[in-house]
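J.: Just need the structure, nothing else, for what follows:
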Amino acid sequence: KYYFDNIVKAQTEATPSATLSLALSFLDTYIKRMAYYESVNALRKITNGAPSDTIRDGFSSFNDRIMNGIGNKVGDTSVSIANDLADDLSKGNATRIATHIKTLDYYTYGGFNGGNLVILAARPSVGKTTIAMQIAQAASGDRNKTLVFSLEMTKKELVQRLIQSTGLISQYDLVTHNIDWDNYERALDMVVNNDLLINDESYNIHEIRHKIVSSVQIQGVRMVVIDYLQLMRGANVRLSKNDQVGEFTSILKQTAKQCNIPIVVLSQLSRDSVRENRSPQLFDLRDSGSIEQDADIVIMLERAKDSMGGIIDNKIDMWIRKNRAGKCNFDNPIRLKGNESYSHFIEDNE
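T.: This is a model prediction of the structure:
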């Protein structure tokens with residue numbers, strides 16, 4: 001009633017000073033209410049055991065949310081968006097990150113696009129980490145700064161895998177310290193660069209999100225890989241595993257869209273496809289149906305089989321089961337052939 005009376009009074013008086021005074025009064029109240037809600041939200045997070053990064057995130061974005069609330073723009077016109085798109089096209093500004101797996105790039109029209117949440121799923125020990133690191137290395141080799149979050153392996157183990165993938169240094173050489181240092185240096189030149197960043201310390205979804213946003217803004221990161229989804233942790237341990245995974249994929253999709261980068265997330269598959277002797281499908285994604293819902297692209301891997309159903313050594317089949325802006329290969333898999341150490345794959349055209 002107080003504000004209604006003041007609106008009527010300001011309109012009746014119709015003086016600039018009265019209108020300005022009323023506007024400032026509204027603004028003061030709005031900011032105070034927003035600050036109150038943010039404080040209550042922070043206290044709730046603290047009570048639920050949220051990490052400090054999550055709480056800090058809320059306060060760091062507080063001013064932006066205030067400015068968005070004050071502003072009167074509800075969206076961009078389609079004309080301005082079309083003009084921005086034309087500028088990008090005419091300048092050749094590319095947001096897609098090539099995987100260097102030729103057929104996969106064909107189906108995705110050049111690779112993973114900015115804003116994409118990409119799920120790479122497989123049963124354990126099929127090769128999803130190897131494929132993910134191969135894609136990350138290829139992207140960084142194209143001067144696309146790539147950040148890898150390794151929740152399962154240490155950063156040294158991942159770099160060892162990259163070195164092994166060259167075929168110049170074997171796992172046995174690394175374990176026994178029987179190193180040909182000339183080959184070691186050649187291997188480093190082939191797979192290691194300053195555009196590939198690896199983090200093996202972050203597990204909490206909110207910490208990971210904070211680091212993604214910061215790395216994009218500060219270091220110019222253009223793609224993120226997370227290995228893997230089911231090992232991530234949330235702030236609320238009381239949630240079921242399904243609800244937690246749903247929260248993770250929702251946050252990661254929003255982050256990919258906000259930062260305009262592809263985020264590739266590795267995920268486990270259920271045992272059903274192996275037990276039923278069939279190729280994996282979307283419903284085999286483990287722990288939550290929201291993985292399928294939030295993902296733009298879902299890629300699945302399985303061990304390749306011969307015509308009799310027997311496993312073929314060092315070969316895997318890749319299926320694109322969902323692709324919002326491209327094609328899927330429902331009938332014929334992309335067959336990949338691994339080297340002797342199973343640390344690098346190429347397409348098998350035999």
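
J.: Any idea how many residues pack against V79?
T.: 8 (other CB atoms under 10 Å). For glycine as for every other residue, the C-beta is placed from the backbone atoms N, C-alpha and C.

J.: what's the average pLDDT for the strand or helix carrying it?
T.: Using DSSP states H and E, V79 falls within helix 78-91. The average pLDDT for helix 78-91 rounds to 75.

J.: One more: stretch 50-59?
T.: 73.

J.: and it, which residues are buried?
T.: The neighbour-count check on stretch 50-59 (16 or more other CB atoms under 10 Å) flags A50, P51, D53, T54, I55, D57, G58 as buried.

J.: Name the member of these with the shortest distance to H210.
T.: Nearest to H210 among these is D53, at 4.8 Å by CB to CB.

J.: Next up, the contacts around the closest one.
T.: D53 sits next to N204, H206, E207, H210 when contact means CB atoms under 8 Å, 6 or more residues apart in numbering.

J.: so the last one touches I55, yeah?
T.: No: distance between H210 and I55: 10.7 Å, which falls outside the contact criterion (CB atoms under 8 Å).

J.: rewinding a little: how far does the following helix or strand past the helix holding V79 sit from its chain's centre?
T.: Where DSSP H and E defines the elements, the next helix or strand beyond helix 78-91 is helix 102-107. Taking CA atoms, centre = their mean, to the nearest Å, one finds helix 102-107 lying 20 Å from the centre of the chain it belongs to.

J.: Check stretch 170-181 too.
T.: 34 Å.

J.: tell me how far the ends of it are from each other?
T.: Using CA to CA, to the nearest Å, the end-to-end distance of stretch 170-181 comes out at 12 Å.

J.: State the mean pLDDT of that stretch.
T.: For stretch 170-181, mean pLDDT rounds to 87.

J.: next one: phi and psi at the residue sitting nearest the centre point of the chain?
T.: With distances taken as CA atoms, centre = their mean, I263 lies nearest the centre of the chain, 2.1 Å away. Dihedral angles of I263 (phi, psi; degrees, to the nearest 10) stand at phi -120, psi 120.

J.: try D313
T.: The phi/psi pair for D313 (degrees, to the nearest 10) is phi -60, psi 140.

J.: Would you mind measuring from it to I205?
T.: 37 Å (CB to CB, to the nearest Å).

J.: Pull stretch 155-166 out as CSV, backbone CA atoms only.
T.: What follows is stretch 155-166 as a C-alpha-only set of coordinates in CSV (Å, rounded to 0.1, in the frame of the first residue of the first chain):
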residue,chain,number,x,y,z
LYS,A,155,47.8,-36.2,-13.9
LYS,A,156,51.0,-38.1,-14.3
GLU,A,157,49.2,-41.3,-15.2
LEU,A,158,47.3,-39.4,-17.9
VAL,A,159,50.5,-38.0,-19.4
GLN,A,160,52.1,-41.4,-19.3
ARG,A,161,49.2,-42.7,-21.4
LEU,A,162,49.8,-39.9,-23.9
ILE,A,163,53.5,-40.8,-24.1
GLN,A,164,52.6,-44.5,-24.6
SER,A,165,50.1,-43.6,-27.3
THR,A,166,53.1,-42.5,-29.6
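
J.: gap between that stretch and the chain center?
T.: 22 Å.

J.: and it, which residues are buried?
T.: Buried positions in stretch 155-166, judged by neighbour count with 16+ other CB under 10 Å: L158, V159, Q160, R161, L162, I163, Q164, S165, T166.

J.: Any chance of TSV for these, columns secondary structure?
T.: Shown next, in TSV, are the buried residues of stretch 155-166 (DSSP: H, G, I helix; E, B strand; the rest coil):
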residue	secondary structure
L158	helix
V159	helix
Q160	helix
R161	helix
L162	helix
I163	helix
Q164	helix
S165	helix
T166	coil
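
J.: Now pLDDT and distance to E38 too, for the residues you listed, in JSON lines please.
T.: Formatted as JSON lines, those follow (pLDDT from 0 to 100; distance: CB to CB, whole Å):
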{"residue": "L158", "pLDDT": "91", "distance to E38": "38"}
{"residue": "V159", "pLDDT": "91", "distance to E38": "41"}
{"residue": "Q160", "pLDDT": "89", "distance to E38": "45"}
{"residue": "R161", "pLDDT": "89", "distance to E38": "43"}
{"residue": "L162", "pLDDT": "90", "distance to E38": "43"}
{"residue": "I163", "pLDDT": "89", "distance to E38": "47"}
{"residue": "Q164", "pLDDT": "88", "distance to E38": "49"}
{"residue": "S165", "pLDDT": "88", "distance to E38": "47"}
{"residue": "T166", "pLDDT": "87", "distance to E38": "51"}
